[in-house]
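>>> Predicted model, plus sequence, below.
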Amino acid sequence: MVDMLRGLVIALMVLDHTRDYFHISAYTFDPTDPARTHLLLYLTRWVTHLCAPTFVFLAGVSVYLQGANGKDRLQLTRFLLTRGAWLIVLELTIIAFGFNFALPFVFLQVIWAIGVSMILLAAVIWLPRATAAVLGVLIVAGHQLLAPIAPADLGALAPLWTVAFKVGPSPIEPGFIAYPAIPWFGVMCLGYALGPVFGQEPARRNGTLLMFALGAIAVFCVLRAINAYGDPAPWRAFPSATATVMSFFNVSKYPPSLLYVLITLGVSLLCLLGLQRLRGLLARVLLAYGRTPLFTYVLHIYVVHGASLVAAMLAGYPASDHASFLADPFRLYKAGFGFNLLVVYVVWLAILVALYPASRWFAEVKRRRREWWLSYL
């Protein structure tokens, strides 16, 4: 069940990154801006909002389940510290290069956030589980109150505050912080706190998850309608009803606002319940992705960026335009590179097909073998 949901969000993440590297307007405006977007583009971007919070939340759930399945706290602490450090190293090297096709570039996004959150969770697991729930709620609901604090006001602590709470340029240049660590740590704490629900017998588990899902969506609707707190960008009415609805659901991911977490996790839990009935080829594909999340994640970055490089070269653009892509993504698009949304979807499906054999192979390797290092991939 968890693997199926993880596989779904990996497929959606591939869509998001395919759009980043292929769509003609990928870097010209925000695709969720109701004043500039259209419905299909908005939905294409909005649905990928499910990816990061679901990944981080399920990482917390998995930590709890590992403990429930026999790992003692010392083993779990060691795993969290080493796995977290390993993810940070991957983010700064192999993953950053895959996105950028050049080093150095400090690109701190979801894998970094999971790594730091694991390291912090290594301390939390020694405390009563209710502590994780309290921490998760306080961080997710309250970090917006810290937004007015400027790193420059904190002197020597400015770089630490930046990587913990602020989206923007990295203290180590060149680089960019897309996922400040602490708000995402709050999401992982919620996953860890709700871990016991996933160990319940199916009928009770599904009822509890449905309650949490509908509750999160209901709280989102109430807070969003009030338009007073929960997201730094209030919604507003537009002449078009469609644009008004888009504005209502256009919540902030960078960093993840309370309303963003409520609606994305609410929808993800509903997807989790629906996926339990999925069978056949599609189920097998999602399970292959979901059972090899890190392997498939890293592989898809190189496949997507590599395919974009090939397409650009075939269209007459120099390969050098893809070097340091993150440092200046506008270079290609200002030159005219890019395709419409239909082409993006075709390329996305082709890439998913290309990824499946490798993901299925590695899933089988992990099923047959029990070497310790496989848990880090």
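On my side now, so go ahead.
>>> how much space between residue 184 and residue 40?
29 Å (CB to CB, to the nearest Å). Bear in mind the C-beta positions are built from the backbone N, C-alpha and C, glycine included.
>>> quick one, which of these two is more surrounded?
Remark: of residue 184 and residue 40, residue 184 carries more neighbours, 28 against 12, as counted by other CB atoms under 10 Å.
>>> A strand includes the more buried one, no?
No: applying DSSP: H, G, I helix; E, B strand; the rest coil, one finds residue 184 to be helix, outside a strand.
>>> Could you double-check that it lies in contact with residue 114?
Yes: at 7.4 Å, residue 184 counts as touching residue 114 under the criterion of CB atoms under 8 Å.
>>> Spit out the residues that contact the two alike.
The contact sets of residue 184 and residue 114 overlap at residue 56 (CB atoms under 8 Å, 6 or more residues apart in numbering).
>>> ok, now how distant is the nearest residue to residue 154 once chain neighbours are set aside from residue 142?
Spatial nearest neighbour of residue 154, chain neighbours left out: residue 161 (5.2 Å); criterion: CB to CB, 6 or more residues apart in numbering. With distances taken as CB to CB, residue 161 is found 16 Å from residue 142.
>>> Of those two, give the one with the bigger neighbour count.
Shown here are residue 161 and residue 142; by other CB under 10 Å, residue 161 has more neighbours (20 against 12).
>>> and the nearest residue to residue 124 once chain neighbours are set aside, helix, strand or coil?
Nearest residue to residue 124 in three dimensions, chain neighbours excluded: residue 132, at 5.3 Å (CB to CB, 6+ apart). Following three-state DSSP, residue 132 is assigned to helix.
>>> For stretch 229-245, give the mean pLDDT please.
The average pLDDT for stretch 229-245 rounds to 96.
>>> ok, the residue nearest to residue 124 - how many residues close by?
Residues near residue 132, counting by other CB under 10 Å, number 25.
>>> Verify the contact between it and residue 187 for me.
No: taking contacts as CB under 8 Å, residue 132 lies outside contact range of residue 187: 11.3 Å.
>>> Can you check which residues contact both of the two?
With CB under 8 Å, 6+ apart as the test, residue 132 and residue 187 both reach residue 60.
>>> tell me which residues in the helix or strand of the chain with the lowest mean pLDDT are buried?
The least trusted helix or strand in the chain, going by mean pLDDT, DSSP states H and E, turns out to be helix 330-334, with a mean of 78. For helix 330-334, burial by neighbour count (16 or more other CB atoms under 10 Å) applies to 331-333.
>>> Ok, stretch 217-231 next?
217, 219-220, 223-224, 230-231.
>>> Export those residues as JSON lines, with columns for distance to residue 253 and secondary structure.
Below are the buried residues of stretch 217-231 laid out as JSON lines (distance: CB to CB, whole Å; DSSP: H, G, I helix; E, B strand; the rest coil):
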{"residue": "217", "distance to residue 253": "17", "secondary structure": "helix"}
{"residue": "219", "distance to residue 253": "18", "secondary structure": "helix"}
{"residue": "220", "distance to residue 253": "14", "secondary structure": "helix"}
{"residue": "223", "distance to residue 253": "17", "secondary structure": "helix"}
{"residue": "224", "distance to residue 253": "15", "secondary structure": "helix"}
{"residue": "230", "distance to residue 253": "14", "secondary structure": "coil"}
{"residue": "231", "distance to residue 253": "10", "secondary structure": "coil"}
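>>> Alpha carbons only: can I get the helix or strand hosting residue 245 in CSV?
Under the criterion of DSSP states H and E, residue 245 resides in helix 241-249. Output in CSV follows, covering the C-alpha atoms of helix 241-249 (Å, rounded to 0.1, in the frame of the first residue of the first chain):
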residue,chain,number,x,y,z
ALA,A,241,-14.8,31.3,-11.5
THR,A,242,-12.1,28.9,-12.7
ALA,A,243,-9.3,31.4,-11.9
THR,A,244,-10.9,32.0,-8.5
VAL,A,245,-10.9,28.3,-7.7
MET,A,246,-7.3,28.1,-8.9
SER,A,247,-6.4,31.0,-6.6
PHE,A,248,-8.1,29.2,-3.7
PHE,A,249,-6.0,26.1,-4.1
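>>> what helices or strands is it leaning on?
Secondary-structure packing of helix 241-249 (3 or more CB pairs under 8 Å, 6 or more residues apart in numbering; DSSP states H and E): helix 39-47.
>>> out of the buried residues of stretch 217-231, which one sits closest to residue 173?
residue 231 (29.9 Å; CB to CB).
>>> give the contact list for that closest one.
Counting by CB under 8 Å, 6+ apart, the residues that residue 231 touches are 144, 224, 251-252, 257-260.
>>> With residue 20 instead?
26-27, 329.
>>> Would you check how far apart it and residue 169 are?
Distance of residue 20 to residue 169, given as CB to CB: 19 Å.
>>> if we can go back for a sec, which helix or which strand is home to the residue nearest to residue 154?
Using DSSP H and E, residue 161 sits in helix 158-165.
>>> Dump that helix to PDB, restricted to CA.
Once non-C-alpha atoms are left out, helix 158-165 reads as follows in PDB (Å, rounded to 0.1, in the frame of the first residue of the first chain):
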ATOM      1  CA  ALA A 158      22.600  33.600   9.600                       C
ATOM      2  CA  PRO A 159      23.700  30.700   7.400                       C
ATOM      3  CA  LEU A 160      22.100  28.200   9.800                       C
ATOM      4  CA  TRP A 161      18.800  30.100   9.900                       C
ATOM      5  CA  THR A 162      18.900  30.300   6.100                       C
ATOM      6  CA  VAL A 163      19.200  26.600   5.500                       C
ATOM      7  CA  ALA A 164      16.700  25.900   8.300                       C
ATOM      8  CA  PHE A 165      13.900  28.200   7.300                       C
END
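>>> Show me the shaky parts of the stretch 51-200 of the chain.
By pLDDT under 70, the stretch 51-200 of the chain has no low-scoring segment.
>>> Helices along that one, start to end?
Ranges of helices in the stretch 51-200 of the chain, per DSSP state H, counting those that start in this stretch, are 51-68, 73-90, 96-100, 110-124, 129-142, 158-165, 181-193.
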